[in-house]
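[1] just coords:
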């Protein structure tokens, strides 16, 4: 039997700010919180469903090095351009990681600067 990803943990300065952002991006809800130190967000069915939850854990000084893991997202109910507009309105901003402009994805940063990519393909909602 294989393992499966159940949670992703992201260290950040302000878990509440990032929880609001990522809940809007992913249509997640807050599942748990601990006095400003941690907020867990995930799908409405909660932990153990088909998607992993995300734990936003307070750390006053997140690592300065480039993370070795980033999140990719795909729109489920609109095309890539419309989703890009929505994400920018939520507080994402374009990030330059050396892309050429010919890629089929957009590199963005969340409100704390964590990079993520908006891919072109539309996925069916869960």
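    Thanks, I have the structure now. Nothing here was measured: the structure is a model prediction, and the numbers come from that model.

[2] what sits against the residue nearest the centre of the chain?
    In the chain, the residue lying closest to the centroid (CA atoms, centre = their mean) is residue 22, at 5.2 Å. Contact analysis of residue 22 by CB atoms under 8 Å, 6 or more residues apart in numbering lists 28, 41, 54, 56, 110. From N, CA and C alone the C-beta is placed, and that goes for glycine too.

[3] Neighbour-wise, which one of the residues you listed leads?
    residue 56 (26 neighbours; other CB atoms under 10 Å).

[4] Touching, it and residue 13? I think so.
    No: at 10.1 Å, residue 56 does not count as touching residue 13 under the criterion of CB atoms under 8 Å.

[5] Okay, domains of this protein per the record?
    1-60, 69-126 (automatic domain parsing).

[6] Residues in contact with stretch 8-17: which ones?
    So stretch 8-17 is contacted by 18, 33, 36-39, 52-60, 62-63, 71, 111-112, 114 (CB under 8 Å, 6+ apart).

[7] change it to 10 Å
    Residues outside stretch 8-17 that contact it (CB atoms under 10 Å, 6 or more residues apart in numbering): 18-20, 22, 30, 33-34, 36-42, 51-63, 67, 69, 71, 91, 110-114.

[8] How far does it stretch from one end to the other?
    17 Å (CA to CA, to the nearest Å).

[9] what secondary structure does residue 102 sit in?
    Here residue 102 is coil, with the state taken from DSSP: H, G, I helix; E, B strand; the rest coil.
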